[in-house]
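Engineer: next input, structure requested:
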Amino acid sequence: MRNTQIFSILLIAILFASCTKEGLLSDPLSGTILELGFGWMEAAESCLDSNDHSTTYCGQAVWLDGTRVQIDLTALETGSINAQNPVLKEVMESKSIRYVYNPTSRTVTLFLSMGKVTLEWNESLGCLEGDLFDHDFLSICSSNTASSPGI
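Structural biologist: The predicted model follows:
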């Protein structure tokens, strides 16, 4: 009986010590693109602006989950972009693209077969922006404003 009480006290002490203040008080949106105002399975405006074309092509990006995003640009449907560059072609044709969000730098890295591309958070515009290839800029903009404190 005494051994059971000691074991119980020891187990409770271990469980209590493993809880941290940060773990108890952390924001559930922290560490995901949700903290930037995006939502899972919600369309966000996505545009491709290239110095090779006179038109900016827009469509939508849908964050499928914490690891995949689907980008759909209207230019692909109309066939108005001739994507000679393999990076542009992959972004425009992908069903979904694997990504990693870095909450410290507030960046999203897209992993493409030709390499990776990092999109940086532009607080004033509420958009992730990055250069896909030689002045071909991709932006994904949140329709909501980020509501995390200290932003």
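Engineer: what separation is there between Asp131 and Phe111?
Structural biologist: To Phe111, Asp131 is 16 Å away according to C-beta to C-beta, to the nearest Å. (C-beta placed from N, C-alpha, C; glycine too.)
Engineer: how many neighbours does the closest residue to Asp65 other than its chain neighbours have?
Structural biologist: Spatial nearest neighbour of Asp65, chain neighbours left out: Trp40 (6.4 Å); criterion: C-beta to C-beta, 6 or more residues apart in numbering. Residues near Trp40, counting by other C-beta atoms under 10 Å, number 12.
Engineer: tell me the pLDDT of Trp40.
Structural biologist: Per-residue confidence at Trp40 stands at 94 (pLDDT).
Engineer: what distance do you get for it to Asn51?
Structural biologist: In terms of C-beta to C-beta, Trp40 sits 33 Å off from Asn51.
Engineer: okay, helices next: where are they in this protein?
Structural biologist: 2-18, 21-25, 74-78, 86-93 (DSSP state H).
Engineer: can you flag the weakest of those helices by average pLDDT?
Structural biologist: helix 21-25 (a mean of 45).
Engineer: beta partners of Leu73?
Structural biologist: On the basis of DSSP bridges, Leu73 is bridged to Gly59.
Engineer: lowest-pLDDT helix or strand in this structure?
Structural biologist: Using mean pLDDT, DSSP states H and E, helix 21-25 stands out as the lowest-scoring helix or strand of the chain, at a mean of 45.
Engineer: where in the protein is pLDDT low?
Structural biologist: Applying pLDDT under 70 to the chain flags the ranges 1-2, 7, 10-11, 13-30, 53, 74-89, 91-92, 94, 145-151.
Engineer: residue ranges of the strands in it, please?
Structural biologist: Remark: strands assigned in the chain by DSSP state E are 43-50, 57-63, 68-73, 97-102, 107-112, 115-122, 127-131, 136-141.
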